[in-house]
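Asks: Coordinates for the following, if possible.
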Amino acid sequence: MRVELLGPVRVLDEDGTGIPVPAGRQRALLARLALEPGRAVPAAALIDAVWPEAPPANATGALHTQLSRLRALLGEHLANGPGGYRLTAAETDADAFEHHAAQAETASREDAPAAVRDAAEAALALWRGPALADLDGYPFAEAARTRLAMRRDAVAALHLDARLRLEGADAVLADLAARHGADELNEPDAARYMRALAAAGRRAEALAVFESVRARLADELGVDPSNVLRAAHLDVLRGVEPQAAQHKPHRLPEPLTACIGRESEIALLNGLLAANRLVTLTGPGGTGKTRLAVETAHRLAEAGREVRLVELAPVADPDRLPEVFGDAIGLGESILARRSDDPRTRLTDALSGRELVLVVDNCEHLVDAAADLLAHLLARVPGLRVLATSREALGITGETVLGVGPLPLPERAGPVADLRSHAAVALFEERARQSDPAFTVDEANADTVLQVCAALDGLPLAIELAAARLRAMSLQDLAARLDDRFGLLAKGPRTAEPRQRTLRAVVDWSWDLLDPDERLVLARLSVFSGSADLAAACEVCSADEDAITGLVEKSLVQRLPGGRYRLLETVREYAAARLAEAGETAERYERHAEHFAALAEAAEPHLMRAEQVEWLERLGADHANLFAAIRRMVAAGNARVAYRAIAPLSWYWWMRGYREEGMELARQVRAIPLDADADVDPLHRAKVAMAGSWGLWSGRLDPVAIDAEFAAAQRISEEHDLYEMEPLLQMIPMIRAMIGGDSAGLREVMERTRTAGSRWVRGIGLLFVSELSYQEGRREDAAAELAESNAIFASLGERFGLILSWQGLANDLMAAGDYQGARAMLLRAIAAEAEFGADLADSVIAEHLWRIDAEHGDDPGAMLERMRAYRARAERIGNRENVLAARNSAVICLRRLGRRDEALRELLDAEKDLPEFRSFSEVTMQLYRQLAAVAREMGDPDLEARAASMLEESTWPFSS
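Replies: Here you go, the predicted model:
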């Protein structure tokens with residue numbers, strides 16, 4: 001809502017529609033509140049304002065009646081609270097005037113006449129007549145009117161002084177004469193008028209003005225001229241040089257807000273324009289190409305260059321371009337009409353011999369005609385340089401293209417002060433303060449601000465529109481509603497171009513420039529989650545390379561380093577809506593899922609070979625697509641594609657640390673109803689039994705339920721002879737035998753791997769067999785089986801198997817008391833694990849290293865701090881198992897430091913977070929070992945017995 005006081009009082013809603021407020025007390029009440037927008041005005045002050053002479057007997061009740069009537073008109077914009085009543089989310093022209101007036105005064109003190117002129121013009125343009133013109137008889141209004149009128153007069157004087165310096169005496173003499181004639185005894189105005197007359201070469205008239213004012217002062221007031229007037233008289237007598245304009249006015253638009261986050265681009269642009277005669281800014285809508293171009297133009301003008309802006313957005317007819325260019329450079333039809341009938345030739349003649357920078361904005365909808373005209377002019381006017389903006393390059397020989405992307409988004413890891421310095425956050429904060437002057441980015445809201453900026457892709461226009469919404473809603477409400485960004489950001493400044501007023505209008509402008517085939521490809525690209533390579537984009541969208549790269553050139557698709565392609569989330573959401581309108585969403589979702597299922601199938605064998613890191617990276621690049629494909633097929637009930645897509649991903653999840661997400665996705669896929677007609681490949685059904693079963697090893701899945709699923713998968717494998725087709729499935733009977741302690745069954749499966757099947761599967765099986773041999777007391781057999789397993793994985797170059805075998809070898813070294821040797825072996829394993837991209841806090845074997853360092857390290861105090869840090873990191877990434885492991889190792893350190901009470905509190909607190917199936921969790925058993933030890937050291941037999949009973953219930957199949 002906007003309340004205007006600089007003229008008759010009026011109220012406008014967000015759409016610019018007038019809200020009628022009855023004359024008299026309601027209008028006076030509104031004006032009194034609007035003079036202090038956003039601030040509480042006490043009831044007593046309102047009563048004095050509305051009834052200045054004789055308040056009614058029940059003044060408070062009468063005030064409430066008037067306020068109720070006013071609230072019926074203004075709604076939530078009128079609020080009450082501590083301190084009185086206030087207008088909320090309202091802007092006033094008086095406030096805007098004060099802001100521009102202050103800018104003009106600051107610029108005057110800094111001796112910046114161009115800034116003075118621009119700010120003063122913006123301030124004076126707000127006036128529609130005398131302030132509060134329809135509130136005669138109200139003393140508060142008369143006082144405010146007088147104060148504002150004096151302020152307006154001071155700003156007008158600053159404006160004339162600045163124009164005199166910039167545009168010369170002739171440009172302002174008429175205005176100065178009018179001011180002097182309105183009040184001849186205003187000595188500062190008379191002094192200003194005298195100096196301007198002298199600067200225009202009219203010295204005698206200037207002296208005549210002095211004599212006239214001096215005489216009236218003596219006759220009417222009986223005083224002598226002031227120092228101001230005498231100084232002007234002396235200057236005229238000494239001689240004032242005729243004053244011309246410092247430089248010609250550039251007529252560039254004056255942005256009302258700062259250009260934030262583009263300093264590096266501005267510096268680069270200055271260099272490019274110095275070296276090239278045509279520079280084109282390209283980029284998607286909303287990135288601020290126009291703002292960047294205008295800011296650069298202003299700086300060129302301040303440096304003394306002649307600059308003109310040609311705005312093409314309102315132009316629909318390409319034949320009008322010469323006329324539009326002529327208007328922009330200040331040439332009338334009479335000049336253009338001379339010497340030739342060809343408009344381009346007339347324009348060329350008019351530019352001939354000039355040194356000029358043309359900023360040509362928004363060429364995209366007239367790109368061919370604009371390129372043709374600019375090529376013609378650049379070839380014939382050597383002094384011409386052009387800075388163009390367009391959503392695609394002009395394609396002219398010699399053109400230099402600078403892409404303008406979204407503002408970069410910072411990581412949240414740093415302090416708030418660093419976060420606030422990043423362009424996207426700084427822009428949000430600066431624009432938010434225009435809605436709420438008290439707003440600042442701090443510890444409490446920094447994450448939410450970053451969430452908003454990231455959700456809006458760092459697009460400057462979207463960030464500005466979002467920040468403006470803080471007039472009417474909280475930051476948290478804004479963030480919660482960003483799923484409907486086009487509805488949320490549907491109101492922008494009324495003075496903006498129509499294509500820039502809403503987020504949807506920005507994207508509509510680009511969409512309307514595409515041909516039907518391009519629109520269809522763009523809509524289909526919305527099915528990708530994150531980015532995609534060119535092959536995937538072509539296949540899923542049924543498009544060729546030229547169609548994809550053409551959309552890149554039109555700034556609707558981003559080409560990322562490394563050759564992948566993506567849509568900004570804002571464009572993706574828009575395109576997804578268009579895909580739904582075309583009725584293709586389900587079809588393209590399935591095509592997308594089939595493509596990424598094929599990618600996962602191609603990758604799976606490589607994940608068990610030396611090239612596994614390379615293939616993990618390939619899958620990692622499409623992680624979002626892989627997960628989105630499965631979720632969409634689950635939502636659609638498409639069991640065939642869902643099973644196919646998830647079946648090959650088990651090892652990717654494990655090695656990259658996506659165990660929780662993979663487990664949940666597998667659960668959702670297995671929950672899809674399978675009727676008799678379900679066309680699900682038996683191979684996929686069997687493999688999905690293993691997919692997402694990793695929670696078994698951390699106690700979060702029921703071993704009985706998992707064994708039942710494995711039993712069903714084993715039956716499917718045997719019924720369809722799948723072991724030969726997919727040797728990996730032999731792990732199912734291996735795991736079942738291991739869980740059940742079935743040594744004979746495990747060794748029977750292992751015999752089959754001697755002659756047939758995968759060496760990788762045999763290597764894993766040997767790890768299981770060696771464990772059973774160790775438990776059966778056959779240590780030499782166990783060592784030999786472990787060594788054979790290690791040799792297999794070493795020959796394959798397969799890091800996952802090597803990590804597990806090195807862990808087993810480290811356990812043997814620990815059992816032998818060689819802690820340093822075990823530590824070195826575990827460090828070797830962790831180094832290999834790091835090649836998968838795993839954080840140490842997400843490692844599957846870090847627990848063993850932590851335990852060695854906690855028990856045998858030289859500095860338990862330092863180790864305790866490390867464990868606190870690892871615990872915090874594990875909590876951040878959601879690895880609950882390593883959270884408990886870090887706490888267990890912290891307890892060992894506390895015991896060594898003699899801090900048993902702290903150790904006990906740590907264990908009892910950690911016990912609350914143990915997994916559901918505690919007996920099948922190694923880290924749980926480690927916790928109860930520590931609890932038993934602490935209880936024993938503290939002399940608590942009952943607690944020791946409880947811990948021992950939990951250890952006896954363990955069904956964990958491996959030694960620890």
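
Asks: And what about residue 309, helix, strand or coil?
Replies: On the three-state scheme (DSSP: H, G, I helix; E, B strand; the rest coil), residue 309 is labelled strand.

Asks: for the stretch 651-800 of the chain, which spans come out with low pLDDT?
Replies: For the stretch 651-800 of the chain, residues meeting the criterion pLDDT under 70 lie at 676, 755-757.

Asks: who does the helix or strand containing residue 597 touch, helix- and strand-wise?
Replies: Residue 597 belongs to helix 585-603 when assigned by DSSP states H and E. On a contact count with 3 or more C-beta pairs under 8 Å, 6 or more residues apart in numbering; DSSP states H and E, helix 585-603 meets helix 534-541, helix 569-581, helix 612-621, helix 623-636, helix 639-646. The C-beta positions use only the backbone N, C-alpha and C, and glycine is treated the same way.

Asks: go with 6 Å
Replies: Helix 585-603 is packed against helix 534-541, helix 623-636, helix 639-646, with contacts defined by 3 or more C-beta pairs under 6 Å, 6 or more residues apart in numbering; DSSP states H and E.

Asks: any idea which of those is most buried?
Replies: Highest mean neighbour count among the helices and strands packed on helix 585-603 (mean count of other C-beta atoms under 10 Å): helix 639-646, with a mean of 26.

Asks: circling back: pull the residues that contact the helix holding residue 597.
Replies: Outside helix 585-603, the residues that touch it by C-beta atoms under 6 Å, 6 or more residues apart in numbering are 524, 527, 536, 539-540, 579, 615, 619, 625-626, 629, 632-633, 641, 644-645, 648-649.

Asks: In terms of helix, strand or coil, where does residue 465 fall?
Replies: Strictly by three-state DSSP, residue 465 counts as helix.

Asks: how close does it get to residue 884?
Replies: 46 Å (C-beta to C-beta, to the nearest Å).

Asks: Now the spatially most central residue of the chain: which helix or strand?
Replies: Taking C-alpha atoms, centre = their mean, the centroid of the chain lies closest to residue 454, which sits 2.1 Å from it. Using DSSP H and E, residue 454 maps to helix 446-455.

Asks: Summarise which helices and strands that helix is packed against.
Replies: helix 423-435, helix 475-480.

Asks: Next SSE downstream of the helix or strand bottoming out on mean pLDDT in the chain?
Replies: Least confident helix or strand of the chain, by mean pLDDT, DSSP states H and E, is helix 333-336 with a mean of 34. Downstream of helix 333-336, the next assigned helix or strand under DSSP H and E is helix 343-351.

Asks: Could you list every helix and strand that that next one packs against?
Replies: Where contact means 3+ C-beta pairs under 6 Å, 6+ apart, helix 343-351 is packed against helix 321-328.

Asks: repeat that with 7 Å
Replies: Counting contacts by 3 or more C-beta pairs under 7 Å, 6 or more residues apart in numbering; DSSP states H and E, helix 343-351 is packed against helix 321-328, helix 333-336, helix 367-380.

Asks: closest to residue 387 out of the ones you listed?
Replies: Closest to residue 387 of these, according to C-beta to C-beta: helix 367-380, at 11.0 Å.

Asks: ok, the closest residue to residue 436 other than its chain neighbours - how many residues close by?
Replies: Setting aside the residues directly before and after it, residue 436 is nearest to residue 470 in space (C-beta to C-beta, 6 or more residues apart in numbering), at 5.4 Å. Residues contacting residue 470 under the criterion other C-beta atoms under 10 Å number 20.

Asks: Doesn't residue 470 belong to a helix?
Replies: Yes - counting by three-state DSSP, residue 470 is located in a helix.

Asks: thought it was touching residue 432?
Replies: Yes - taking C-beta atoms under 7 Å as the definition, residue 470 is a contact partner of residue 432 at 5.1 Å.

Asks: Now for these two: what residues contact both?
Replies: residue 439 (C-beta atoms under 7 Å, 6 or more residues apart in numbering).

Asks: who's in contact with the closest residue to residue 884 other than its chain neighbours?
Replies: In space, and not counting its chain neighbours, residue 884 is closest to residue 923: 4.6 Å by C-beta to C-beta, 6+ apart. By C-beta under 7 Å, 6+ apart, the residues touching residue 923 are 847, 881, 884-885, 888.

Asks: Dump stretch 291-301 to PDB, keeping only the CA atoms.
Replies: Provided in PDB are the C-alpha atoms of stretch 291-301 (Å, rounded to 0.1, in the frame of the first residue of the first chain):
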ATOM      1  CA  ARG A 291      21.200  -3.100 -14.800                       C
ATOM      2  CA  LEU A 292      24.800  -4.000 -15.500                       C
ATOM      3  CA  ALA A 293      24.700  -2.200 -18.800                       C
ATOM      4  CA  VAL A 294      23.200   1.000 -17.300                       C
ATOM      5  CA  GLU A 295      25.600   1.000 -14.400                       C
ATOM      6  CA  THR A 296      28.500   0.700 -16.900                       C
ATOM      7  CA  ALA A 297      27.100   3.400 -19.000                       C
ATOM      8  CA  HIS A 298      26.900   5.800 -16.000                       C
ATOM      9  CA  ARG A 299      30.500   5.200 -15.200                       C
ATOM     10  CA  LEU A 300      31.500   5.800 -18.800                       C
ATOM     11  CA  ALA A 301      29.500   9.100 -18.700                       C
END
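
Asks: what about that stretch, average pLDDT?
Replies: On average, the pLDDT along stretch 291-301 is 88.

Asks: Would you list the phi and psi of the residue lying closest to residue 957 once chain neighbours are set aside?
Replies: Excluding the flanking residues, the one nearest residue 957 by C-beta to C-beta, 6+ apart is residue 738, at 5.2 Å. Main-chain dihedrals, residue 738, degrees, to the nearest 10: phi -70, psi -40.

Asks: swap in residue 314?
Replies: Torsion angles, degrees, to the nearest 10, at residue 314: phi -80, psi -10.

Asks: What strand or helix carries the residue nearest to residue 884?
Replies: Judged by DSSP H and E, residue 923 forms part of helix 922-938.

Asks: What residues sit buried inside that helix?
Replies: Buried residues in helix 922-938, counted by 16 or more other C-beta atoms under 10 Å: 922-935.

Asks: With only the CA atoms kept, save that helix in PDB.
Replies: Taking C-alpha atoms only, helix 922-938 is exported to PDB below (Å, rounded to 0.1, in the frame of the first residue of the first chain):
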ATOM      1  CA  GLU A 922      28.600 -53.900  16.300                       C
ATOM      2  CA  VAL A 923      28.800 -50.300  17.600                       C
ATOM      3  CA  THR A 924      26.100 -51.200  20.200                       C
ATOM      4  CA  MET A 925      28.200 -54.100  21.400                       C
ATOM      5  CA  GLN A 926      31.200 -51.700  21.700                       C
ATOM      6  CA  LEU A 927      29.100 -49.300  23.800                       C
ATOM      7  CA  TYR A 928      28.100 -52.100  26.200                       C
ATOM      8  CA  ARG A 929      31.700 -53.300  26.500                       C
ATOM      9  CA  GLN A 930      32.600 -49.700  27.600                       C
ATOM     10  CA  LEU A 931      29.600 -49.600  30.000                       C
ATOM     11  CA  ALA A 932      30.600 -52.800  31.600                       C
ATOM     12  CA  ALA A 933      34.200 -51.500  32.000                       C
ATOM     13  CA  VAL A 934      33.100 -48.200  33.500                       C
ATOM     14  CA  ALA A 935      30.700 -50.000  35.900                       C
ATOM     15  CA  ARG A 936      33.400 -52.300  37.000                       C
ATOM     16  CA  GLU A 937      35.800 -49.400  37.600                       C
ATOM     17  CA  MET A 938      33.100 -47.500  39.600                       C
END
